[in-house]
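>>> coordinates for the following, if possible.
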Amino acid sequence: MPWNQCGNDFGVGYSSSTFNEAFSRYSSAGANSVRVWVHYDANKQYSLYDSSGYFKTLSSGFLNDIKSMLSLARSKGLKVVLTMFSFECVNFDNCLWMMKDSKKADSYINNGLIPLLNFISSNGLKDSVLAFESFNEPEWMIEGGSGVNRRTDLGSVQNFIKKFNSAVTGRGF
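Just a heads-up that it's a prediction; the model follows:
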């Protein structure tokens, strides 16, 4: 279900009925997991970043939408892979500089990812998450590909993913 609203599902245009219908279909077909994109290209929700490109604290609406989605998945016997960004994000300054500037990376980790991880844990939904994926197809950000207008370097991507993975595994996911 990566492309429901392509980055506008949580905190903006969440529809529990859309997720419920999709999860019901998947479960009825025998699926046991579903992949959901969270921020997608880091450009859809300007409200996630301040005017300098630093990631702001996630809103309660965003977090509650995630809670609803994970609860629906659990009710259908599905585990969720949360894919935070896709390779297209390299086309937009917020994402590109989040990888290239360690302070902007830290703002995502500290204001976005860690609060999300803590929220999921404190709401008893940790077992609803199969995995956290930092980027869909990150190699395209480095090598280029369809839909990629600019690229970044391997080291920047690796440094961001290392911080991302450390936060995820450090909280027991």
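
>>> so which elements touch the lowest-mean-pLDDT helix or strand in the chain?
Of all helical and strand segments in the chain, the minimum by mean pLDDT, DSSP states H and E falls on helix 139-143, at a mean of 89. Packed against helix 139-143 by the contact rule (3 or more Cβ pairs under 8 Å, 6 or more residues apart in numbering; DSSP states H and E) you find helix 154-170. The way it works is simple: take the backbone N, C-alpha and C, and place the C-beta from them, glycine included.

>>> again, only using 10 Å
The helices and strands touching helix 139-143, judged by 3 or more Cβ pairs under 10 Å, 6 or more residues apart in numbering; DSSP states H and E, are strand 79-86, helix 93-100, helix 154-170.

>>> save those as a markdown table, and put in mean pLDDT and distance to residue 31 too.
Below are the helices and strands packed on helix 139-143 laid out as a markdown table (pLDDT from 0 to 100; distance: least, Cβ to Cβ, whole Å):
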| stretch | mean pLDDT | distance to residue 31 |
| --- | --- | --- |
| strand 79-86 | 95 | 10 |
| helix 93-100 | 92 | 29 |
| helix 154-170 | 97 | 23 |
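
>>> pipe these into TSV and attach mean neighbour count and distance to residue 118 per row.
Output for the helices and strands packed on helix 139-143, formatted as TSV (neighbours: other Cβ atoms under 10 Å; distance: least, Cβ to Cβ, whole Å):
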stretch	mean neighbour count	distance to residue 118
strand 79-86	21	14
helix 93-100	22	20
helix 154-170	16	10
